[in-house]
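# generate a structure from the sequence data that follows.
(one chain, ligands or ions: 2)
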Amino acid sequence: MWTIEYRPKSLKEFVNQQEAVNTFLRWIKSWKPGDNPLLFYGPPGTGKTCLIQAYAQEKNLEFIETNASDVRSAKALETIATSTQQRPFLKKSKIFLFDEIEGIIGRVEVGGVRAILELIKKSSFPIVLIANNPWDPKLRSLRELCKLVEFKKISIWDIEKRLKRICELEGTKPEKEVIRELAKISKGDLRAAINDLETVARGKKKITVEDLKILGFREKEISVFDALKIIFKTEKALAAKLAISNVDKDPEEIFLWIENNIANEYEKPEEIANAYDALSKADLFRQWIRLRQEWRFKGYMIDLMTAGVSQAKKAMYRKFVKYKYPSKLIVLGRTKIERAEEKEKLLELAKQLHCSTRKVRSEFLPYLKILAKT
Ligand SMILES: Nc1ncnc2c1ncn2[C@@H]1O[C@H](COP(=O)(O)OP(=O)(O)O)[C@@H](O)[C@H]1O
Ligand SMILES: [Mg+2]
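Ligands and ions are numbered 1, 2, ... in the order given. From the prediction side, this is the model:
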């Protein structure tokens with residue numbers, strides 16, 4: 001997998017996260033036994049794991065990573081605890097990483113937080129913890145002990161930079177918009193961006209925007225949610241109109257998404273009425289386009305359903321709305337069943353792999369997909 005092949009081998013190759021890197025370096029350089037661990041958190045694919053790997057490789061340290069699947073018993077944790085007190089065999093020092101710490105302390109057999117706190121206190125080497133959610137009440141005592149280090153989404157610019165570098169090393173030449181587009185749909189997740197790049201680029205000398213079509217449903221779905229957010233929240237008609245131009249779904253389908261979510265977003269009856277009014281006019285044009293192939297009406301339809309709906313409100317609602325999948329599409333597309341099946345499969349895999357379904361999705365699934373293709 002390219003995410004592994006192109007994992008940074010030194011801090012020079014590590015992009016972005018300046019603040020986290022600085023905090024980490026300051027901590028590691030002055031670390032002595034008895035010092036407290038760092039607790040990394042932040043969205044997936046932003047370098048939490050590979051920062052430590054890159055540093056260990058650069059400094060020739062023994063890197064020992066532990067996750068929930070390695071710690072199935074109190075005995076297993078003891079072995080790791082012992083290792084935190086033993087000198088390394090070949091290298092001059094060690095660094096420990098506990099990934100998805102919630103999963104590790106969640107194993108009752110292990111003795112939970114207490115056992116980890118004990119291990120940390122006695123360790124002769126620096127330890128870094130990674131949490132999915134550092135505010136989890138289970139983690140309170142650990143959180144109080146640790147210095148929290150936030151990893152942020154990686155900027156589009158840095159994602160582009162890394163993707164370009166990988167293309168160079170692979171000897172493929174993407175069109176400029178390909179890299180831009182991949183960076184955009186990754187939403188700050190570099191792992192996802194590299195996986196997508198691998199999917200479209202493997203074995204190709206040239207990559208065109210056309211090749212991006214084979215990317216799955218995930219990215220598109222995310223961007224339709226984003227488009228809805230813009231349409232419903234913005235006060236600018238033009239912004240609402242432009243919002244759908246980057247969505248890889250046709251206006252007919254976006255129409256259904258908007259229709260299904262008006263009453264989710266807007267609360268005042270007159271606003272809901274105004275929004276549906278705009279939408280009903282858009283619907284007239286939609287019918288004309290459908291029945292008479294009057295394509296010139298498409299612009300009116302789009303203006304009404306985006307700008308029209310966005311102007312229906314008096315002021316933006318400052319609330320988080322979980323936009324719903326259009327019910328018509330569920331009936332038509334059977335996606336609900338597919339998703340339920342997917343969830344079931346993910347749970348099964350998560351159980352086998354001893355990690356969260358979220359990790360299965362982000363780290364194992366791309367690999368399995370490639371395996372399944374070959
Ligand atoms: N900041 C970064 N610089 C360079 N590569 C990165 C960075 N963040 C992620 N990657 C790439 O994405 C992959 C997954 O990153 P990882 O550190 O495992 O993410 P997570 O934050 O989920 O632990 C890495 O193997 C690497 O190829
Ligand atoms: Mg990780």
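# find the closest residue to ligand 1 in the stretch 251-374 of the chain.
S362 (6.8 Å; C-beta to the nearest ligand atom). C-beta coordinates here come from the backbone N, C-alpha and C atoms, glycine included.
# look at that residue and report its pLDDT.
On pLDDT, S362 comes in at 83.
# and it, that's in a helix?
Yes - counting by DSSP: H, G, I helix; E, B strand; the rest coil, S362 falls inside a helix.
# distance between stretch 340-351 and the chain's centre?
18 Å (C-alpha atoms, centre = their mean, to the nearest Å).
# ugh, typo on my part, it should be stretch 156-163
15 Å.
# now swap in stretch 121-135 and tell me
On C-alpha atoms, centre = their mean, the centre of stretch 121-135 falls 22 Å from the chain's centre.
# nearest spatial neighbour of G42, skipping sequence neighbours?
F151 (3.1 Å; C-beta to C-beta, 6 or more residues apart in numbering).
# just give me the neighbour total for that neighbour.
Look at F151: counted by other C-beta atoms under 10 Å, it has 22 neighbours.
# check Y41 too.
Using other C-beta under 10 Å: Y41 sits among 19 other residues.
# equivalent analysis for R26, please.
11.
# what sits against S69?
S69 is in contact with L353, H354, C355, counting by C-beta atoms under 8 Å, 6 or more residues apart in numbering.
# please determine how far it is located from K351.
From S69 across to K351, the span is 10 Å (C-beta to C-beta, to the nearest Å).
# one more: K92?
From K92 to K351 the distance is 39 Å (C-beta to C-beta).
# likewise for E5?
Distance from E5 to K351, by C-beta to C-beta: 29 Å.
# and if you look at N132?
17 Å.
# for those two, indicate the residue with more neighbours.
Neighbours were counted for N132 and for K351 using other C-beta under 10 Å; N132 has more, 18 against 11.
# is it true that that one touches T357?
No - with contact defined as C-beta atoms under 8 Å, N132 does not reach T357; the gap is 11.3 Å.
# any idea how far the top helix by length along the chain is from the chain center?
If you go by DSSP state H, the chain has its longest helix at helix 269-292. Taking C-alpha atoms, centre = their mean, one finds the center of helix 269-292 at 35 Å from the center of the full chain.
# give the buried residues for the helix or strand that that helix is followed by.
Using DSSP states H and E, the helix or strand that follows helix 269-292 in sequence is helix 298-303. Using 16 or more other C-beta atoms under 10 Å as the test for burial, helix 298-303 gives Y300, M301, I302, D303.
# and the average pLDDT for helix 298-303 is what?
Helix 298-303 comes out at a mean pLDDT of 93.
# need the contact partners of that helix.
Residues contacting helix 298-303 (C-beta under 8 Å, 6+ apart): K241, I244, P251, F255, A282, F285, R286, I289.
# for the last one, grab the count of nearby residues.
Which is I289. 18.
# that one touches D283, doesn't it?
No - I289 lies out of contact with D283 (C-beta under 8 Å); the separation is 10.5 Å.
# next secondary structure after the helix or strand of the chain with the lowest mean pLDDT?
Here the helix or strand of the chain ranked lowest by mean pLDDT, DSSP states H and E is helix 327-333, holding a mean of 62. Heading C-terminal from helix 327-333, the first helix or strand you meet, by DSSP H and E, is helix 335-353.
# what's that following helix packed up against?
Other elements packing on helix 335-353 under the criterion 3 or more C-beta pairs under 8 Å, 6 or more residues apart in numbering; DSSP states H and E are helix 357-359.
# please repeat the previous calculation with a cut-off of 10 Å.
Packing partners of helix 335-353 (3 or more C-beta pairs under 10 Å, 6 or more residues apart in numbering; DSSP states H and E): helix 217-233, helix 327-333, helix 357-359, helix 365-373.
# for K164, what are its contacts?
By C-beta atoms under 10 Å, 6 or more residues apart in numbering, the contact list for K164 reads P174, K176, I179, A183, L197.
# check the gap between it and ligand 1 for me.
13 Å (C-beta to the nearest ligand atom, to the nearest Å).
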